[in-house]
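A.B. asks: sequence? don't have it. structure:
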């Protein structure tokens with residue numbers, strides 16, 4: 001099942017989380033290291049859906065399309081007891097050439113597959129995970145994309161637990177708030193620091 005209203009905003013939200021070390025180091029270091037890789041992959045994904053003329057515009061405007069929340073620490077929800085705390089963040093992508101992409105199940109699944117390759121790069125092996133909500137070196141979740149609704153074995157959008165998790169809602173609110181501020185302020189908050 002999939003549905004979308006083409007006249008509504010096409011904001012994309014992605015959740016990030018980690019609570020164990022990855023090849024990049026601590027969970028905070030992992031999220032910091034993953035950030036430019038995620039942006040590059042999203043730029044490539046956007047370009048895959050735009051014609052050659054629009055590609056230049058999307059790359060030129062990309063710095064204003066990525067809006068990151070601060071890093072937050074949260075207690076694990078579910079899963080085994082005594083897990084380390086998570087470091088979480090949310091990325092909101094909106095505006096510029098990105099708004100030319102019409103949300104679709106195929107595009108969302110393509111992005112999800114790209115995000116799962118990034119997880120794998122940072123040490124996550126989804127195939128070997130046997131514990132639901134267990135420790136993770138990197139977890140990347142598609143939270144929502146405009147009003148696209150998808151429900152199949154690969155993806156559910158919006159994320160089914162989106163409204164139940166403060167560790168998603170609080171960073172999401174911060175990223176949305178940041179995305180509505182003037183571009184100069186966004187540019188000055190580009191990097192995270194440990």
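C.D. replies: Looks like it arrived, so ask away. Quantities reported herein were computed from a predicted structural model and do not represent experimental measurements.
A.B. asks: rest of the way, CA atoms for contacts and neighbours
C.D. replies: Noted.
A.B. asks: low-confidence ranges, this protein, go.
C.D. replies: Applying pLDDT under 70 to the chain flags the ranges 1-9, 51-64, 127-132, 179-194.
A.B. asks: just the strands in it please.
C.D. replies: 2-3, 12-18, 66-68, 72-74, 86-93, 139-145, 149-151, 156-157 (DSSP state E).
A.B. asks: scan this protein for its longest helix.
C.D. replies: Assignment by DSSP state H gives helix 27-48 as the longest helix of the chain.
A.B. asks: may I see the buried residues of that helix?
C.D. replies: 27-32, 34-35, 38-39, 41-47 (16 or more other Cα atoms under 10 Å).
A.B. asks: burial measure for residue 95, as a count.
C.D. replies: 18 (other Cα atoms under 10 Å).
A.B. asks: residue 50 too?
C.D. replies: 17.
A.B. asks: what's near enough to touch residue 167?
C.D. replies: Neighbouring residues of residue 167 by Cα atoms under 8 Å, 6 or more residues apart in numbering: 72, 73, 74, 88, 89.
A.B. asks: one more pass at 7 Å, please.
C.D. replies: Taking Cα atoms under 7 Å, 6 or more residues apart in numbering, we find residue 167 in contact with 74, 88.
A.B. asks: list the contacts for residue 30?
C.D. replies: 22, 24.
A.B. asks: again, only this time at 10 Å
C.D. replies: 17, 18, 19, 20, 21, 22, 23, 24, 87, 122, 137, 138 (Cα atoms under 10 Å, 6 or more residues apart in numbering).
A.B. asks: can I get those residues in JSON lines including distance to residue 157 and neighbour count?
C.D. replies: Output for the contacts of residue 30, formatted as JSON lines (distance: Cα to Cα, whole Å; neighbours: other Cα atoms under 10 Å):
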{"residue": "17", "distance to residue 157": "18", "neighbour count": "27"}
{"residue": "18", "distance to residue 157": "21", "neighbour count": "25"}
{"residue": "19", "distance to residue 157": "24", "neighbour count": "25"}
{"residue": "20", "distance to residue 157": "26", "neighbour count": "20"}
{"residue": "21", "distance to residue 157": "28", "neighbour count": "18"}
{"residue": "22", "distance to residue 157": "27", "neighbour count": "22"}
{"residue": "23", "distance to residue 157": "30", "neighbour count": "11"}
{"residue": "24", "distance to residue 157": "29", "neighbour count": "17"}
{"residue": "87", "distance to residue 157": "23", "neighbour count": "24"}
{"residue": "122", "distance to residue 157": "24", "neighbour count": "22"}
{"residue": "137", "distance to residue 157": "23", "neighbour count": "25"}
{"residue": "138", "distance to residue 157": "20", "neighbour count": "29"}
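A.B. asks: appreciated, that's everything.
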